[in-house]
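Undergrad: What shape does this take:
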Amino acid sequence: MPDVRKVKWGVLSTANIGVNSVIPSMQKSRLCEIVAISSRNIENARTAAQKLEISKFFGSYEELLADPEIEAIYNPLPNHLHVPWTIKALEAGKHVLCEKPISITAKEAQSLIDATEKYPQLKVMEAFMYRFHPQWEKVKEIIKSGVIGDLRCTNSVFTYHNVDPDNVRNQANIGGGGMLDIGCYCINLSRFLFEREPINIQSFVDYDPVFNTDRLVSGILEFEGGIANFLCSTQLDHRQSATIYGTKGYMELNIPFNSANEVTRKLKLHKGGETETIFFETCDQYILQGDAFSKAILDDTPVPNSLEDSLANMKVIDQILGKNNNG
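TA: All right, here's what the predicted structure looks like:
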């Protein structure tokens with residue numbers, strides 16, 4: 001069997017999500033090769049490189065972007081740095097997989113789209129890894145088959161408890177808060193399932209009096225033909241779930257978003273008073289995501305999740321948080 005060409009990747013920063021989750025997974029993938037990591041602190045970069053057995057490390061992001069060996073960048077920087085450093089990576093001739101949320105506001109997301117027009121040969125994608133899990137193919141298949149009738153309502157919940165003032169999620173000035181961190185999943189899922197944009201949005205937002213971040217958000221998105229309810233919080237006990245209601249039945253998913261490979265994922269299909277439980281083999285969404293993005297690079301095909309979709313997601317988040325298009 002001939003060797004498969006792998007895309008050579010560099011990582012901007014030693015952020016926990018990269019070091020602990022994404023990089024180890026991508027190192028197991030078929031089409032990804034992590035060749036470098038960077039930090040603003042050279043010792044942090046060295047430590048991460050040694051831990052992950054990455055051959056090169058840099059003491060600045062600029063140095064990594066200047067490396068001609070690197071073809072693609074994984075950007076897990078804090079939210080306020082997603083767009084600026086994604087654009088810098090494009091200017092350096094690199095493809096970019098950028099962590100969610102793609103930006104802090106819809107206006108900023110639009111500025112990224114505008115920037116990509118100068119580099120049509122380069123790929124950029126928001127890293128919503130949950131979309132790559134096979135459970136969602138099954139959910140879409142069931143919806144389209146008519147087994148649960150017409151889709152009328154979705155309900156999604158994503159919560160955790162974090163009151164650490166030093167955590168980036170609790171720092172409002174750099175894009176902290178529940179909506180940008182986890183609520184974005186609920187919005188993305190709602191739009192993904194209804195396959196259209198909401199025509200009306202109602203929301204309740206509670207802000208932490210010290211952090212000034214949104215710590216509890218509940219909302220209803222009205223779509224043509226149905227509604228989506230969601231709840232996200234950074235100050236409730238950990239919980240994630242999704243329920244999808246049709247006119248003839250409904251589905252429940254126990255792990256709609258997070259990787260949690262050690263936990264068995266299952267889909268419960270309820271119809272006519274009976275329940276069928278569908279189990280999914282353990283898989284790593286970060287591997288699937290990395291390979292899908294790398295394949296788009298190697299084949300020069302569109303990325304699975306477009307920036308236009310990312311922009312639409314940010315427009316909904318802006319409305320939920322009461323931001324206007326100039327925010």
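Undergrad: tell me, how many neighbours does the residue nearest to I143 when sequence neighbours are not counted end up with?
TA: In space, I143 comes closest to L151 once its chain neighbours are excluded; the distance is 5.6 Å by Cβ to Cβ, 6 or more residues apart in numbering. C-beta coordinates here come from the backbone N, C-alpha and C atoms, glycine included. By other Cβ atoms under 10 Å, the residues close to L151 number 20.
Undergrad: Equivalent analysis for the one 5 residues further on, please.
TA: Around S156 sit 25 other residues, with neighbours defined as other Cβ under 10 Å.
Undergrad: Roughly how far does it sit from P256?
TA: Distance from S156 to P256, counting by Cβ to Cβ, to the nearest Å: 7 Å.
Undergrad: got any residues that touch both of those two?
TA: Both S156 and P256 are contacted by Y185, L189, S241, A242, under the criterion Cβ atoms under 8 Å, 6 or more residues apart in numbering.
Undergrad: Which of those residues fall within strands?
TA: Among the shared contacts of S156 and P256, the ones falling in strands (DSSP state E) are S241, A242.
Undergrad: any chance you could map the helices in the stretch 201-327 of the chain?
TA: Ranges of helices within the stretch 201-327 of the chain are 285-299, 307-320, based on DSSP state H, counting those that start in this stretch.
Undergrad: Quick one: residues contacting N44.
TA: Applying Cβ under 8 Å, 6+ apart, we find N44 in contact with T14.
Undergrad: ugh, wrong one, I meant G18
TA: V11, I37, Y74, P76.
Undergrad: okay, and for the stretch 1-150 of the chain, where does confidence drop off?
TA: Residues of the stretch 1-150 of the chain that meet the criterion pLDDT under 70 lie in 1-2.
Undergrad: What segments of it are strands?
TA: For the stretch 1-150 of the chain, the strands defined by DSSP state E, counting those that start in this stretch cover 7-12, 32-38, 56-58, 72-75, 95-99, 124-127.
Undergrad: Ok, which of the helices of the stretch 201-327 of the chain comes nearest N167?
TA: With distances scored as Cβ to Cβ, the stretch of those nearest to N167 is helix 307-320 (20.0 Å).
Undergrad: Show the model's pLDDT score for the nearest residue to F194 once chain neighbours are set aside.
TA: Leaving aside its sequence neighbours, F194 sits nearest to F223 (Cβ to Cβ, 6+ apart; 4.4 Å). Turning to F223, the model gives it a pLDDT of 98.
Undergrad: just checking, F223 touches L193?
TA: No: in this structure, F223 is not within contact of L193 by Cβ atoms under 8 Å, at 9.1 Å.
Undergrad: Show me the common contact partners of the two, please.
TA: What both F223 and L193 touch, as defined by Cβ under 8 Å, 6+ apart, is an empty set.
Undergrad: re earlier: which stretch among the strands of the stretch 1-150 of the chain approaches S294 most closely?
TA: With respect to S294, and counting by Cβ to Cβ, the nearest of the strands of the stretch 1-150 of the chain is strand 7-12 at 4.2 Å.
Undergrad: For the closest one, which outside residues touch it?
TA: Strand 7-12 is touched from outside by 18, 23, 26, 31-38, 54, 61, 64-65, 67, 69-77, 85, 89, 94-95, 290, 294, 297-298, with contacts defined as Cβ under 8 Å, 6+ apart.
Undergrad: Separate out the buried members of the residues you listed.
TA: Burial by neighbour count, 16 or more other Cβ atoms under 10 Å: within those this picks out 18, 23, 26, 31-38, 54, 61, 64-65, 67, 70-77, 85, 89, 94-95, 290, 294, 297.
Undergrad: circling back: relative to A172, which of the shared contacts of S156 and P256 is nearest.
TA: Using Cβ to Cβ, Y185 comes nearest to A172 of these, at 19.9 Å.
Undergrad: hang on, isn't the closest one packed against R131?
TA: No: no contact is recorded between Y185 and R131 when judged using Cβ under 8 Å, the distance being 9.7 Å.
Undergrad: The two: which has the busier surroundings?
TA: Between Y185 and R131, counted using other Cβ under 10 Å, the more crowded position is Y185 (25 against 21).
Undergrad: Now do that one, the pLDDT please.
TA: At Y185, the model reports a pLDDT of 98.
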